[in-house]
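Trainee: only geometry, no sequence info:
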């Protein structure tokens with residue numbers, strides 16, 4: 001069960017999975033965690049890409065991003081001028097919700113990925129996309145991982161839910177249930193919406209780290225459905241297009257309890 005690429009648009013690359021960055025690899029040795037992670041020798045171009053991505057996405061967030069995401073982003077105090085050190089981000093996560101970051105060189109094998117989540121460790125890349133991929137990258141990069149993922153891991157209930165996704169995946173032996181769990185992951189962690197008092201807001205990192213998805217997701221062109229775990233588990237998705245169907249949770253307490261119930265009924269808890 002490999003989490004699919006978080007963003008996708010058909011005009012960007014072939015649909016044959018040929019991009020080697022999208023091919024998951026199996027770990028043969030432990031990867032560095034927390035303070036073990038060294039800061040790469042980024043180029044000036046790398047740092048400028050980060051600044052460009054950060055400024056552009058940050059400008060889209062008011063009125064679109066969930067309050068929980070914005071609170072986490074503020075608490076992380078991410079550097080908007082240079083790529084943050086993963087060790088620094090890891091310390092802030094650990095101090096807030098007991099999560100840490102591991103540096104991964106690319107897309108992990110599903111078993112390795114979920115084994116880290118089960119231990120409250122988020123596998124994170126430390127390279128940034130090229131300027132030609134500002135709007136979209138088919139592979140994970142540190143902007144998607146740091147800006148998109150880590151603010152929500154600062155939220156205690158979402159942090160618990162994210163760990164439970166990892167634990168459930170490790171307990172899963174049924175291919176049909178694995179596919180169902182993948183769909184729940186997709187429509188929550190990557191493409192989830194939440195109902196804040198001010199209205200519908202984005203918390204899924206696949207949306208928040210994507211310029212196009214952020215603008216599209218709250219329009220009438222994206223169909224909104226209430227989050228019911230069994231229905232989400234049956235909903236197919238297409239990674240090559242903007243997401244036409246999205247699911248709305250009423251709160252992260254509801255998300256966690258709904259997932260707990262679904263996992264128990266499917267022998268994953």
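Mentor: Now that the structure is in, tell me what you want to look at. Computed from a predicted model, the values in this text were never measured in an experiment.
Trainee: and residue 171, how far is that from residue 27?
Mentor: Distance of residue 171 to residue 27, computed by C-beta to C-beta, to the nearest Å: 20 Å. Just so you know, the C-beta spots here come from the backbone N, C-alpha and C atoms, and that holds for glycine as well.
Trainee: Residue 157 now?
Mentor: As judged by C-beta to C-beta, residue 157 and residue 27 stand 29 Å apart.
Trainee: Next: residue 265.
Mentor: Residue 265 is 32 Å from residue 27, by C-beta to C-beta.
Trainee: go on, residue 160?
Mentor: For residue 160, the distance to residue 27 equals 25 Å [C-beta to C-beta].
Trainee: again, but for residue 35
Mentor: Distance, residue 35 to residue 27, by C-beta to C-beta: 20 Å.
Trainee: more neighbours, the two?
Mentor: residue 27 (17 against 14; other C-beta atoms under 10 Å).
Trainee: what about the residue nearest to residue 61 when sequence neighbours are not counted, how many neighbours?
Mentor: Spatial nearest neighbour of residue 61, chain neighbours left out: residue 70 (6.6 Å); criterion: C-beta to C-beta, 6 or more residues apart in numbering. Using other C-beta under 10 Å, residue 70 has 17 neighbouring residues.
Trainee: Can you tell me the element residue 70 falls in?
Mentor: helix 67-76 (DSSP states H and E).
Trainee: And the most far-flung residue of the chain relative to its centre, how close does it get to residue 196?
Mentor: Distance to the chain centre peaks in the chain at residue 44, reaching 26.3 Å (criterion: C-alpha atoms, centre = their mean). Distance from residue 44 to residue 196, counting by C-beta to C-beta: 38 Å.
Trainee: for residue 83, same thing?
Mentor: In terms of C-beta to C-beta, residue 83 sits 30 Å off from residue 196.
Trainee: neighbour count winner among the two?
Mentor: Per other C-beta under 10 Å, whichever of residue 83 and residue 196 has more neighbours is residue 83, with 22 against 15.
Trainee: Pull the number of nearby residues for the closest residue to residue 145 other than its chain neighbours.
Mentor: Using C-beta to C-beta, 6+ apart and skipping residues adjacent in sequence, the residue nearest residue 145 is residue 124, 4.4 Å away. Counted with other C-beta under 10 Å, residues neighbouring residue 124 total 24.
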